[in-house]
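In: pasting the sequence and the predicted coordinates here, then a few questions.
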Amino acid sequence: MVRFSAGKLVPFWEDVMSFIQIPDHAWKLGVDWKVVWLLAGVHAVGVVGAWYASVFAPTYTILLAIAVFFLCHLAIRTGAHSLYTHRAYSASFLWHALTIVFFAATMQGPLLTGVMLHVRHHQYPDTEKDPYSPMHGWLWAHMLWVCFKNPQLSARDAPWLLRGKTPAEKRIIALVKWQSERAIPAGFALGVLVPGLVASLWGDFWGGIMIAGFLRLVCQYHCTWQINSLSHIVGPRPFGGKNSSRDSPWWLFGIPSLLSVGEASGHNRHHRYSRDFRIGVGYTSVDPGKWLLYAAWGFSQILRRLGAPPLVWGLYRFDDDGSPSVLQ
Ligand SMILES: [Zn+2]
Ligand SMILES: [Zn+2]
């Protein structure tokens, strides 16, 4: 297989090498072997999980895996991304706790690190400072970057994360630190062991571990990583901007958007208006994260009307003028 580039014949192996690009600054930081082995192990057991699912096809366990997948992805979309990184809305302690617990079950590393890296992605898109710049190829933006050590990060990257005065804000900070200091054990306990225990209710403990745990983690990883790869390489750019971000093209029929609960639906717009909790804004945009937040907003407003204390029961905390207050 060959292709022509600038009138020159390019052999297959050169094509492969251009596909696998690792920037110099990553080599300087070094390979993160702990992450490499962890990902290799999760993928290997995930393949066994796919075999188990295809041979035994345990309906309840597969439904459990789908439910855990979407709940965890909603925690990434509405929690780690819109709430913690972009402060697009304000939420009660209960909402923070739920999103952190389900985020922990995604085993995607410390929340603090993820937020700081994503802030840099927005600040320096497509440059050397962008941790997952698509300028180094699809595979780098998708998952190779995960296999290398992170650049030096500091609290200044996301100062709002560890800043709080009220008791509720201090409890939220404690939760963020709790997950960030033990991301891997918490991920195994909540993302693998708990689904196994739930599936043991119908006698399928190992199915729960392999399908709702490991296989679901593999799917979750790639559906998260596609935002940095696919959403920066394929699709229209109706909001323009000076970066490579793209909305999901119509010919993918909303599939990447559904599998990322809305992240892919309007990634080009998201780079332009990152403080908006809506990522896909069109009537036909598939953005389940936005739908959940609209539903939660309606729910908390109903509770407010009924006189329930919004900080405890509601999902939002509103200032006296009715606008959502921002935690910072
Ligand atoms: Zn992006
Ligand atoms: Zn973002």
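Out: Ah, there it is. Numbers count the residues shown, from 1 in each chain. Ligands and ions are numbered 1, 2, ... in the order given.

In: which regions of this structure sit below the pLDDT cut-off?
Out: 1-19, 303-328 (pLDDT under 70).

In: residue boundaries of the strands in it?
Out: Defined through DSSP state E, the strands belonging to the chain, from first to last, are 3-5, 8-10.

In: got a list of what residue 133 touches?
Out: 23, 125-127, 140-141 (C-beta atoms under 8 Å, 6 or more residues apart in numbering). For glycine as for every other residue, the C-beta is placed from the backbone atoms N, C-alpha and C.

In: which among the residues you listed end up buried?
Out: 23, 125-126, 140-141 (16 or more other C-beta atoms under 10 Å).

In: in JSON lines: the contacts of residue 133, plus distance to residue 276.
Out: Putting these into JSON lines (distance: C-beta to C-beta, whole Å) gives the following:
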{"residue": "23", "distance to residue 276": "31"}
{"residue": "125", "distance to residue 276": "17"}
{"residue": "126", "distance to residue 276": "21"}
{"residue": "127", "distance to residue 276": "24"}
{"residue": "140", "distance to residue 276": "28"}
{"residue": "141", "distance to residue 276": "23"}
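
In: which of those sits closest to residue 227?
Out: For these, the minimum distance to residue 227 (C-beta to C-beta) is 9.5 Å, reached by residue 141.

In: hmm, the closest one is touching residue 231, no?
Out: No: at 9.4 Å, residue 141 and residue 231 do not qualify as touching, with contact defined as C-beta atoms under 8 Å.

In: so what sits against both of these two?
Out: Shared between the contact lists of residue 141 and residue 231 (criterion: C-beta under 8 Å, 6+ apart) there are no residues.

In: tell me how far residue 103 lies from residue 97.
Out: Summarising the geometry, the distance separating residue 103 from residue 97, computed by C-beta to C-beta, to the nearest Å, is 11 Å.

In: neighbour-wise, which of those two wins?
Out: Here residue 103 and residue 97 are set side by side on neighbour count (other C-beta atoms under 10 Å), and the busier one is residue 103, at 28 against 15.

In: nearest residue to the more buried one other than its sequence neighbours?
Out: residue 75 (4.5 Å; C-beta to C-beta, 6 or more residues apart in numbering).

In: again with residue 80
Out: Residue 80's closest residue in space is residue 103 (C-beta to C-beta, 6+ apart), at 5.1 Å.

In: in contact with the one you found, which residues?
Out: Contacts of residue 103 were listed using C-beta under 8 Å, 6+ apart, and they are 72, 75-76, 79-80, 111, 179.

In: what about residue 241, how many neighbours?
Out: Burial of residue 241 is recorded as 13 neighbouring residues (other C-beta under 10 Å).

In: could you list every residue that touches it?
Out: Residue 241 makes contact with 268, 271-272, according to C-beta under 8 Å, 6+ apart.

In: just the buried residues of those residues.
Out: For the contacts of residue 241, a burial check counting by 16+ other C-beta under 10 Å picks out 268, 271.

In: including distance to residue 206, could the contacts of residue 241 go into JSON lines?
Out: JSON lines is the format used below for these (distance: C-beta to C-beta, whole Å):
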{"residue": "268", "distance to residue 206": "43"}
{"residue": "271", "distance to residue 206": "42"}
{"residue": "272", "distance to residue 206": "46"}
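
In: quick one: which of the contacts of residue 241 is nearest to residue 184?
Out: The shortest approach to residue 184 among the contacts of residue 241 belongs to residue 271, at 30.4 Å (C-beta to C-beta).

In: is it true that the closest one touches residue 243?
Out: Yes: judged on C-beta under 8 Å, residue 271 makes contact with residue 243 at a distance of 5.7 Å.

In: shared neighbours of the two, anything?
Out: Taking C-beta under 8 Å, 6+ apart as the contact criterion, the common neighbours of residue 271 and residue 243 are residue 125.

In: out of the contacts of residue 103, which is most surrounded?
Out: Taking other C-beta under 10 Å to define a neighbour, the member of the contacts of residue 103 with the most is residue 72, carrying 27 neighbours.

In: from residue 194, how far out is it?
Out: According to C-beta to C-beta, residue 72 stands 11 Å off from residue 194.

In: what sits in contact with each of the two?
Out: Common neighbours of residue 72 and residue 194 (C-beta under 8 Å, 6+ apart) are residue 105.

In: what number of residues lie near residue 37?
Out: By other C-beta under 10 Å, neighbour count at residue 37 equals 10.

In: got the contact list for residue 71?
Out: Counted by C-beta under 8 Å, 6+ apart, residue 71 has contacts residue 102.

In: surely residue 83 touches residue 98?
Out: No: using C-beta under 8 Å as the test, residue 83 is too far from residue 98 to be in contact (10.9 Å).

In: ok, those two, which is more surrounded?
Out: Neighbours of residue 83 and residue 98, each counted by other C-beta under 10 Å, are more numerous for residue 83; the result is 24 against 18.
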